[in-house]
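Undergrad: Give me a 3D structure for the following:
(one chain, ligands or ions: 1)
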Amino acid sequence: MELESYTFTYLDEFGDTNSATCRPNEYHSLMELLFDKYLQEWGDCKGRAWCGTCHIQILEGSLSSKMQKEEKQTLSHLDEACPQSRLACQIPINAELHNLVFKIITDNDFG
Ligand code: FES
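TA: Have a look, this model is predicted:
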């Protein structure tokens, strides 16, 4: 049975824990959802995997979607990139987001 909404947790740039909810197919990507509802300061390239402003690190849970070349390339230029890094604009809204925990990585990362 498909869930009617997905709830996930993210740590923001101040280290605060936030809970967010979305419906299946409500947005094209995790970046669009967070930009629209919670964060205004990212998504500079509008989801093309070029700018790296939507950098997140997965803390709990996992995503099965494979990284495309552009995402790997952009992450390789980010100082704080690690094996758990992803670009939120390349992550679709689906059931894998449910119970996922991730951290927003910014230039002002206090975490
Ligand atoms: S919005 Fe630019 S890399 Fe994701």
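Undergrad: Get me the contact residues on the chain for the ligand.
TA: 31, 43-45, 47, 49-54, 74, 87, 89 (Cβ under 6 Å from any ligand atom). Any C-beta I mention is one placed from the backbone N, CA and C, and that applies to glycine too.
Undergrad: can you pull the contacts of residue 89?
TA: 29-32, 43, 45, 47-49, 54 (Cβ atoms under 8 Å, 6 or more residues apart in numbering).
Undergrad: let's see 6 Å
TA: 29, 31, 47, 54 (Cβ atoms under 6 Å, 6 or more residues apart in numbering).
Undergrad: what residue lies at the spatial centre of the protein?
TA: The residue lying closest to the centre of the chain (Cα atoms, centre = their mean) is residue 88, at 3.1 Å.
Undergrad: Surely that one touches residue 30?
TA: Yes: using Cβ atoms under 6 Å, residue 88 is in contact with residue 30, at 4.2 Å.
Undergrad: where's the nearest residue to residue 94 once chain neighbours are set aside, which helix or strand?
TA: Once flanking residues are discounted, residue 94 sits nearest to residue 24: 6.9 Å by Cβ to Cβ, 6 or more residues apart in numbering. For residue 24, there is no helix or strand it lies in under DSSP states H and E.
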